[in-house]
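1. based on what follows, work out the 3D shape:
(one chain, ligands or ions: 1)
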Amino acid sequence: MGHTIQLADNLDVLRAMPDGAVDLIYIDPPFNTGKMQQRTQLRSVQAESGKHVGFQGKRYQNKALSTRRFNDRFDDYLAFLEPRLIEAQRVLAADGSLYFHVDFREVHYCKVLLDEIFGRASFINEIIWAYDYGGRSRDRWPAKHDNILLYAKNPLDYVFDFEAIERIPYMAPGLVSPEKAARGKVPTDTWWHTIVPTNGAEKTGYPTQKPLGILRRIVQASSRPGGRVLDFFAGSGTTGQAALELGRSFMLVDSNPAALKVMARRFAGVDDLRWVGFNPPAARTRKPRAAKPRVRA
Ligand SMILES: C[S@@+](CC[C@H](N)C(=O)[O-])C[C@H]1O[C@@H](n2cnc3c(N)ncnc32)[C@H](O)[C@@H]1O
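-> Next up is the predicted model:
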């Protein structure tokens with residue numbers, strides 16, 4: 001079927017897709033959409049050290065109206081997501097699934113929205129991706145996890161290939177038989193996985209890149225070989241990389257040209273790949289050096 005990478009607003013792309021066109025969707029939407037930032041409400045208050053000078057030379061500074069802003073931010077975010085999630089549900093195959101990746105601040109709002117769109121019965125799992133890096137807050141439990149919600153289009157009939165899932169070592173192998181210990185166990189809904197190592201080969205330089213190991217596990221369990229995988233907040237293209245390695249075709253969409261540039265490097269040389277709305281830079285060739293003029297003594 002071939003792969004596609006497209007530079008576009010994902011809502012336009014989704015609206016143009018036929019029903020049931022893809023087998024698996026993974027998305028990791030950004031919380032900071034431009035729209036939300038525009039709606040941050042500010043109030044000018046007088047302050048000696050204020051940046052803005054007003055009437056009679058008085059100085060002012062802007063203060064955010066925090067409580068209203070909090071509500072607005074979530075309203076805006078959900079208003080941005082809702083039409084895209086409605087389309088996502090429509091373009092999924094009858095036995096397809098959606099993985100929706102967020103963090104602990106947004107997950108509860110998104111769960112309610114997804115329940116409305118897919119139906120509560122279609123909620124299959126909340127996966128906790130736990131990692132351990134960076135600073136630790138001292139005024140609360142340090143937050144070191146993301147949340148991935150799994151919805152099936154039809155909760156009674158969806159692809160979940162238990163046998164294909166890569167097994168992991170038991171935490172206490174001494175407590176199970178040697179055969180079981182050698183085979184390992186299937187992961188639960190809590191996934192311990194490192195972030196993308198800062199200097200590892202996997203690193204693309206895209207700031208919000210997610211680890212390939214997480215995406216491999218998702219693609220392995222929730223699609224069949226040869227299936228079609230969609231990520232319409234593609235970023236550096238991690239979903240496409242996992243799909244490619246596992247013999248699925250991928251469709252990636254992002255509205256940021258910088259993401260497309262990163263994907264152009266990541267997927268350079270991949271066969272059967274079509275670019276839409278973006279021309280990937282041609283493979284770099286060395287410019288021949290201009291010959292030095294010969295100086296005669
Ligand atoms: C958190 S990043 C995704 C990172 C990705 N999972 C990875 O592993 O690299 C979210 C992406 O959504 C893109 N995006 C935001 N709004 C979009 C829209 N309306 N249409 C398409 N892409 C959008 C951003 O440009 C950004 O690259």
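
2. pretty sure Asp231 sits against Phe250.
-> Yes - in this structure, Asp231 is within contact of Phe250 by C-beta atoms under 8 Å, at 7.3 Å. The C-beta positions use only the backbone N, C-alpha and C, and glycine is treated the same way.

3. what's the overlap in contacts for these two?
-> Shared contacts of Asp231 and Phe250 (C-beta atoms under 8 Å, 6 or more residues apart in numbering): Thr239, Gly240.

4. count the residues that sit near Gln89.
-> Around Gln89 there are 18 other residues, counting by other C-beta atoms under 10 Å.

5. check the one 10 residues further on too.
-> By other C-beta under 10 Å, 24 other residues sit near Tyr99.

6. over to Ile86?
-> Using other C-beta under 10 Å, Ile86 is surrounded by 16 other residues.

7. how close does it sit to Leu113?
-> 10 Å (C-beta to C-beta, to the nearest Å).

8. now the helix or strand in which Leu11 is found: mean pLDDT?
-> Secondary structure from DSSP states H and E places Leu11 in helix 10-15. Here helix 10-15 scores 98 as its mean pLDDT.

9. do it and the ligand meet?
-> Yes - with C-beta under 6 Å from any ligand atom as the criterion, the ligand is reached by helix 10-15 at Asn10.

10. next SSE downstream of that helix?
-> Criterion used, DSSP H and E; the element after helix 10-15 is strand 22-27.

11. touching that next one from outside, list them.
-> By C-beta under 8 Å, 6+ apart, strand 22-27 touches 88, 91-93, 95-101, 159, 215, 218-219, 222-224, 227-233, 239, 248, 251.

12. filter those residues down to the buried ones, ChimeraX style.
-> A single ChimeraX command selects the buried members of those (16 or more other C-beta atoms under 10 Å):
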select :88,91,92,93,95,96,97,98,99,100,101,159,215,218,219,222,223,227,228,229,230,231,232,233,239,248,251
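
13. restrict the contacts of strand 22-27 to those near the ligand?
-> Among the contacts of strand 22-27, proximity to the ligand is found for Phe233 (C-beta under 6 Å from any ligand atom).

14. which members of the contacts of strand 22-27 occur in strands, if any?
-> With strands taken from DSSP state E, the overlap with the contacts of strand 22-27 comprises 92-93, 95-101, 228-231, 251.
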